[in-house]
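whatever this is, show me its structure:
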Amino acid sequence: MKLGLCVAVAALLLGLFTALPAMVYADEGMWLFNNPPRKYLKEKHNFEPSDKWLEHVQKSSVRFNSGGSGSFVSPNGLVMTNHHVGADCLQKFGDKDHNYVRDGFHAKSYDEEKKCIDLELNVLMSIEDVTERVNAALKPGMKPEAAALARRKVMAEIEKESLDKTGLRSDVVTLYQGGQYHLYRFKKYTDVRLVFAPEQQIAFYGGDPDNFEYPRFDLDVCLFRVYENGKPSRLEHYLKWSEAGAKENELIFVSGHPGRTDRLATVTEFEYLRDASYPFTLERLYRMEVLLGVYSGRSEEYARQARELFFSVQNSRKARDGGLAGLLDPALLARKKAAEKTLREAVDKDPGLHDAAAAWDNVARAIKVEAEHLRKFTLVEGARGGASGFLTTYFAVARTLVRAAEETPKPNGERLREYRDSNRESLEQNLFSEEPIYDTLEQTRLTSSLTYLAEQLGYETPLVQKILDGKSPAERAALLIHGTKLKNVEERQRLYKGDIKAIQESDDPMIKLALLVDADARAERKIMETQVDEVKRQAYAQIARAQYAVEGANTYPDATFTLRLAFGVVKGYEEDGKQIPFETTFAGLYERSAEHHDKYPFDLPKRWIERKDKLDLNTPFNFVCTADIIGGNSGSPVINRNAEVVGLIFDGNIQSLVLDFIYDEKQARAVAVHSQGIVEALRKVYDADALADELTGKK
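Model prediction:
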């Protein structure tokens, strides 16, 4: 997500932390749709969302499984998100003659809309609390390994029953670090077509220097359309457009899918993130950023091939830089320690909470194991939610084929979660994607990955020796990339339809590599799932129950890339003694370009120069609000009390860098594209009146 984080001076953070992490402060919160803060909204903002309002917003909200949020904005299936969320689709369309990320795209009729490769959109249709059933599967005295298996089995059973009954994608979501489990049912859309995208230079105006800064001047918007049975979907729930757009001091809401926060983590977990996890992640990201920068500099075509990945790596690096800056601030840790001390003292004094007393020590024990296995787990199995150390599309395909052959014959409840029946359609869509694969880029990435593997685990390590097979990393990578047949989707389908014997007999070198490392990778995964994840889950569930008892139940869970409702007001802030206005205008865009003599990354696309005289330069362009957002919220709609679109979230300012860990509204702001700015650009820069009419509901 482009809500990346920049390195900031520690002084920016001092004085920010004035509330306990688990308690609501100001307009804080990434709230569940089935537990919104009705009382607070009524008392503070004189607004109480009705069940009908919540259902409408929920079913108008969209999750991009490529990572990001969106919303339905017309009855004809039109979906709005960010350019940088849609860039994955744009990149996969491209070739040496078409650079859609750089140049943009505009379909002037349904026939011209381009079907995206392997893109899946999810819409949350219902939520069911299944905490009691999940917890009932865990018997007293169970060892972590048995508990993890029992939990996996019952969650798979619940998901399979729901899928068979409703036909909807069904996921059991862990909330409050194991304090609650909710069954989320999603309607899936897999026929998704690109409608409009501007040039990247205006979508990401100011480039890396302006990323996570404000004031901003970005048209970070992308429009898609969902189809059913070959026709544009007819929708009951979609967000109407506000003619006025966002106004200063107005109450607004953000409905989106924040990725992950660590606000409920213990002090020990904070220290682990600061001392081990974040530095290691940054080490890998800096390495990849340099690699892709060098690769992109070799030619314009190489730059096009790597563009989206390069942007993603740069953004992730910036995010971790900023996150580490927050973790290194003593004020944050001091507040965290004080909050934890208060809660633990309350637990010690209450006989009814004594079972939670050991929870913090159990978390610390799990983190010790996690730290010991961090590097090997990441390199041979994969970072949490990310790829393994073998950074190639080919290896990802090979591993999926190898594991599908082994997992599919097992009972559904005993499989690795990504191979459960409820996820089969999504897995197959990704596995059989026609996404273009560039062998030179794959070989470059794999050479670097194998070199890094040898550096981290030791060249003489038996596993490294087996992987390199007596060759240098560069030679081994070349043989693997040029020898594999997995670019051919028909070959993937053939292997997928076979059994484990067909996989084991395959002469494909990438399949052989996946088989070679699978035992070690599974062993590392088992350690993480049973000795780390399960221990933490049980401990945090106890801590969450203690927090409820001490502080009350009016709290929200950490982000899990599931739908949440945030709220706040549209307002500026003060920085270095200066008042930063709540909005920017088109006039400001041209002034910023002139200040930098129209030099990259502050140069304007040609059509923006040619159409300047047609624009109303007083039109609002970007604005800021106090809504509580984080990575994953990119593409979230900003709506008013009437559930009308007033803006589109695309970033945060530098002061929001601590929102992974704690909320503050003094300076931290979410940054959005103004609804008026979107329509003004569509009509007067892109000659897209039909699209503007569809958005605004005009016939």
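
list the contacts for Gln429?
The contact partners of Gln429, taken as C-beta atoms under 8 Å, 6 or more residues apart in numbering, are Asp118, Glu120, Thr190. Just so you know, the C-beta spots here come from the backbone N, C-alpha and C atoms, and that holds for glycine as well.

these, buried ones only, as a ChimeraX selection?
Selection command for ChimeraX covering only the buried members of the contacts of Gln429, criterion 16 or more other C-beta atoms under 10 Å:
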select :118,120,190
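
which of the contacts of Gln429 lies closest to Ala150?
Ranked by distance to Ala150 (C-beta to C-beta), the contacts of Gln429 are led by Glu120 at 29.7 Å.

number of nearby residues for the spatially closest residue to the closest one that is not a sequence neighbour?
Nearest-residue entry for Glu120: Asn65, 4.5 Å, with adjacent residues in sequence omitted and distances by C-beta to C-beta, 6 or more residues apart in numbering. Other residues within reach of Asn65, judged by other C-beta atoms under 10 Å, total 19.

same check on Leu332?
Look at Leu332: counted by other C-beta under 10 Å, it has 23 neighbours.

name the element it belongs to?
helix 330-349 (DSSP states H and E).

can you name every helix or strand that that helix contacts?
The criterion is 3 or more C-beta pairs under 8 Å, 6 or more residues apart in numbering; DSSP states H and E, and the helices and strands that helix 330-349 contacts are helix 267-272, helix 534-551.

what's the closest of these to Ala454?
helix 267-272 (26.0 Å).

which SSE is immediately downstream of the closest one?
Scanning forward in sequence from helix 267-272 by DSSP H and E, the next helix or strand is helix 278-296.

just checking, what packs against that next one?
helix 300-327, helix 359-380, helix 439-457.

between those helices, which gets nearest to Ser675?
Minimum separation from Ser675 across those (C-beta to C-beta) falls at helix 300-327, 24.8 Å.

now the helices and strands packed on helix 330-349 in JSON lines, with mean pLDDT, distance to His45 and mean neighbour count?
Shown next, in JSON lines, are those (pLDDT from 0 to 100; distance: least, C-beta to C-beta, whole Å; neighbours: other C-beta atoms under 10 Å):
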{"stretch": "helix 267-272", "mean pLDDT": "96", "distance to His45": "32", "mean neighbour count": "19"}
{"stretch": "helix 534-551", "mean pLDDT": "89", "distance to His45": "22", "mean neighbour count": "21"}
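
tabulate these (CSV), appending distance to Leu327.
As requested, these are exported to CSV (distance: least, C-beta to C-beta, whole Å):
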stretch, distance to Leu327
helix 267-272, 6
helix 534-551, 18
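
of all the ones you listed, which lies closest to Val570?
Distances from Val570 to each of those were compared using C-beta to C-beta; the minimum, 29.7 Å, belongs to helix 534-551.

by contact count, what packs against the closest one?
helix 144-166, helix 330-349, helix 359-380.

which residues touch stretch 598-606?
For stretch 598-606, the surrounding residues in contact (C-beta under 8 Å, 6+ apart) are 198-199, 201-202, 204-210, 589-590, 592-593, 595-596.

may I see the buried residues of that stretch?
Counting neighbours by 16+ other C-beta under 10 Å, one finds that the buried residues in stretch 598-606 are Phe602, Asp603, Leu604, Pro605.

one more: stretch 138-155?
Going by neighbour count (16+ other C-beta under 10 Å), the buried part of stretch 138-155 is Leu138, Met142, Pro144, Ala147, Ala148, Leu149, Ala150, Arg151, Arg152, Lys153, Val154, Met155.

looking at it, Ile543 is touching Ala357, isn't it?
No - if you go by C-beta atoms under 8 Å, Ile543 and Ala357 don't touch, sitting 10.4 Å apart.

which residues of the stretch 251-400 of the chain score low on pLDDT?
Applying pLDDT under 70 to the stretch 251-400 of the chain picks out residues 383-389.

share the number of residues neighbouring the closest residue to Thr562 other than its chain neighbours, please.
If you skip the residues right next to it in sequence, Thr562 has Val173 as its closest partner in space, 5.3 Å away by C-beta to C-beta, 6+ apart. By the measure other C-beta under 10 Å, the count of residues near Val173 is 18.

past the helix or strand Val569 falls within, which element shows up next along the chain?
Under DSSP H and E, the secondary-structure element containing Val569 is strand 564-569. Toward the C-terminal end, the helix or strand that comes next after strand 564-569 (DSSP H and E) is strand 573-575.

how far does that following strand sit from its chain's centre?
28 Å (C-alpha atoms, centre = their mean, to the nearest Å).

with stretch 91-99 instead?
Here stretch 91-99 is found 24 Å from its chain centre; the criterion is C-alpha atoms, centre = their mean.

what residues does that stretch touch?
Outside stretch 91-99, the residues touching it (C-beta under 8 Å, 6+ apart) are 100-101, 105, 114, 116-118, 194, 301, 304, 307-308, 435-436.

same question for stretch 493-503.
Residues external to stretch 493-503 that are found in contact with it (C-beta under 8 Å, 6+ apart): Leu401, Val402, Ala404, Ala405, Glu406, Pro409, Glu428, Leu431, Phe432, Ser506, Ile511, Leu515.

who's in contact with the strand or helix carrying the third one?
To tie it back to what came earlier, the one meant is Ala404. With elements taken from DSSP H and E, the one containing Ala404 is helix 393-407. The contact list for helix 393-407, computed with C-beta under 8 Å, 6+ apart, reads 387-388, 415-416, 419, 427, 430-431, 435, 437, 442, 446, 480-481, 484, 486-487, 492, 495-496, 498-500, 502-503, 508, 510-511, 513-515, 518.

ok, of the residues you listed, which come out buried?
When neighbours are counted using 16+ other C-beta under 10 Å, the contacts of helix 393-407 contain these buried positions: 387-388, 415-416, 419, 431, 437, 442, 446, 480-481, 484, 486, 492, 495-496, 498, 503, 508, 510-511, 513-515, 518.

go ahead and confirm Pro279 touches Asp321.
No - with contacts counted by C-beta under 8 Å, Pro279 stays clear of Asp321, the gap being 10.8 Å.

ok, those two, which is more surrounded?
Looking at Pro279 and Asp321 with other C-beta under 10 Å, you find the greater number of neighbours at Asp321, namely 20 against 13.

now that one: how far from Phe661?
15 Å (C-beta to C-beta, to the nearest Å).

ok, back up a step: possible to save the buried residues of stretch 598-606 as JSON lines with distance to Leu695?
Listed next are the buried residues of stretch 598-606 as JSON lines, based on distance: C-beta to C-beta, whole Å:
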{"residue": "Phe602", "distance to Leu695": "28"}
{"residue": "Asp603", "distance to Leu695": "28"}
{"residue": "Leu604", "distance to Leu695": "24"}
{"residue": "Pro605", "distance to Leu695": "21"}
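
please spell out the ChimeraX selection for the buried subset of the contacts of stretch 598-606.
Taking 16+ other C-beta under 10 Å as the burial criterion, the selection of buried members of the contacts of stretch 598-606 in ChimeraX is written as:
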select :198,199,201,202,204,205,206,210,589,590,592,593
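
out of the contacts of stretch 598-606, which are inside helices?
The helices in this structure, assigned by DSSP state H, contain Gln201, Ile202, Gly207, Asp208, Pro209, Asp210, Leu589, Tyr590, Arg592, Ser593, Glu595 from these.
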